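Chemist: Give me a 3D structure for the following:
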Amino acid sequence: MAEIKAPAKPEAAASAAPVPAARKSGLGLLGRKVGMTRIFNDDGESVPVTVLDVGNNRVTQIRTIAIDGYAAVQLTHGVRRASRISKPAAGHFAKAGVEGGSALREFRVNPTTLAAEHSDAVKAGATLGVDLFAVGQKVDVTGVTIGKGFAGAIKRHHFSSNRASHGNSVSHNAPGSIGMRQDPGRVMNGKRMAGHLGDVRRTTHNLVIARIDAQRQLLLVRGAVPGARGGSVIVRPAVKA
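Modeler: Sure thing, here's the model as predicted:
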């Protein structure tokens, strides 16, 4: 008697869905870091995630090789008052027929792949959303780290402190000697010392999209993302995946 196989479960088919072709074209989204929370998967495991608002990305310009020498898609995100927008930028937004935004960035793309994957969906004045990505896809998120101001060498470069007792006086949190011998008789360039910490552009690679809220245009990315709450972020398909 022939064996009867049970039909595949719908959730299994959904998990095996192919990743969107945005990974091949290089097109990403601009967004805002909302904050961190946690979700629970089907096994009851607590998953820490960062919530990113990537809704209402407007296409302001399409760069072409024939005119600009390279292929790219220029996007704007957020809202800025008309009084805060310069006249050249206002004319640029008006030409595309979009509302002026607070962030303006370009994504280098493969024109052949972009045309095959998105056809006429990507053009000046169009709006892009979370449907560019899928659950389980790996992304690279770029943001500006939280500024810590002036910091000592221990905090800034993760040096180990000296013992804080038994006659150590007040040198337990000091960087130690920074000088050289008589030759060269100076502090070498690049010496790790106290100074400004944070407020630099950083990218975290290969973060996995844990969940997508299409109604509110939110991406829930597993793990931490550079920047403070409310900071601007750039979400791209992972280049190392």
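Chemist: contacting residues around Gly185?
Modeler: By C-beta atoms under 8 Å, 6 or more residues apart in numbering, the contact list for Gly185 is empty. (C-beta placed from N, C-alpha, C; glycine too.)
Chemist: Next up, phi/psi of it, please.
Modeler: Phi and psi for Gly185, reported as degrees, to the nearest 10, are phi 70, psi 30.
Chemist: From here on, call the first residue 21.
Modeler: Got it, the first residue is 21 from now on, which makes the last one we talked about Gly205.
Chemist: Show the pLDDT at it.
Modeler: On pLDDT, Gly205 comes in at 88.
Chemist: could you measure it against Ala173, distance?
Modeler: 22 Å (C-beta to C-beta, to the nearest Å).
Chemist: in this structure, which segments are predicted with low confidence?
Modeler: 21-44, 138-140 (pLDDT under 70).
Chemist: what about the spatially most central residue of it, which helix or strand?
Modeler: In the chain, the C-alpha nearest the mean C-alpha coordinate belongs to Val161, at 1.9 Å (C-alpha atoms, centre = their mean). If you go by DSSP states H and E, Val161 is part of strand 158-164.
Chemist: quick one: strands adjacent to that strand?
Modeler: Strands that pair with strand 158-164, judged by DSSP bridges, come out as strand 221-233 (antiparallel), strand 252-257 (antiparallel).
Chemist: doesn't Ala110 make contact with Ala102?
Modeler: Yes - here Ala102 reaches Ala110: they are 7.1 Å apart, a contact under C-beta atoms under 8 Å.
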